[in-house]
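# Need a 3D model of the following:
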Amino acid sequence: MFQILLVAFLVIPIIEIYLLIQVGSIIGAGWTIFFVIATAILGVSLLRQQGLSTWTRLNQSMAQGQLPPTILVEGLLLLLSGAFLLTPGFFTDTIGFLFLTPFVRKFIAANLLSRGLFVAANMHTRHTSETTRSTTTRSVEGHVIEGEYEDRSDKN
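Numbers count the residues shown, from 1 in each chain. The predicted structure is shown next:
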């Protein structure tokens, strides 16, 4: 993972500088700066709209007693989208706008979840006066692991 981040921090700025120079040589420096600022403003407004939509869907699911992992991963992708959109440049803006597209975001979230990069755990805890019981259900690579324990320690 560290190697991927290292390559990204080295390669992405080089791509951005190259694209800014190429676009600037075609349309001029002033227009290039204008488009970089305009895409950031447009991206932030779209991010706000998509973020509110995702937040609403999350609240509706939680009101029904569900915590869908896809919506949580979509929220993470929206955070990444915001970071990409606020980074000046055309390459990162393109990635940020792709993450803002609901179809692309849902596809990436489902793909990440199916690869097991994020594990969804549903936890339920019951408390009694004398003992603490906890039941945990966790899905790992399609297998369900259930466990229960009881804490009988004296809590005086």
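# Touching the host helix or strand of residue 72 from outside, list them.
Per DSSP states H and E, residue 72 falls inside helix 69-86. Outside of helix 69-86, the residues within contact range by C-beta atoms under 8 Å, 6 or more residues apart in numbering are 39-40, 43-44, 47, 50-51, 54-55, 57-58, 61, 92-93, 95-97, 99-100, 105-106, 108-110, 112-113, 118, 120. Bear in mind the C-beta positions are built from the backbone N, C-alpha and C, glycine included.
# What about the residues you listed, which are in helices?
Cross-referencing these against helices under DSSP state H gives 39-40, 43-44, 47, 50-51, 54-55, 57-58, 61, 92-93, 95-97, 99-100, 105-106, 108-110, 112-113.
# Buried ones among the contacts of helix 69-86?
39-40, 43, 47, 50-51, 54, 58, 92-93, 95-97, 99-100, 105, 108-109, 112-113 (16 or more other C-beta atoms under 10 Å).
# and residue 81, how many neighbours does it have?
By the criterion of other C-beta atoms under 10 Å, residue 81 has 24 neighbours.
# With adjacent residues omitted, what lies nearest to it?
Leaving aside its chain neighbours, residue 81 sits nearest to residue 99 (3.6 Å; criterion: C-beta to C-beta, 6 or more residues apart in numbering).
# Map the structural domains onto the sequence of the chain.
Domain ranges of the chain: 2-114, 121-151, per automatic domain parsing.
# Adding mean pLDDT, write the ones you listed out as JSON lines.
Below are those laid out as JSON lines (pLDDT from 0 to 100):
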{"stretch": "domain 2-114", "mean pLDDT": "89"}
{"stretch": "domain 121-151", "mean pLDDT": "52"}
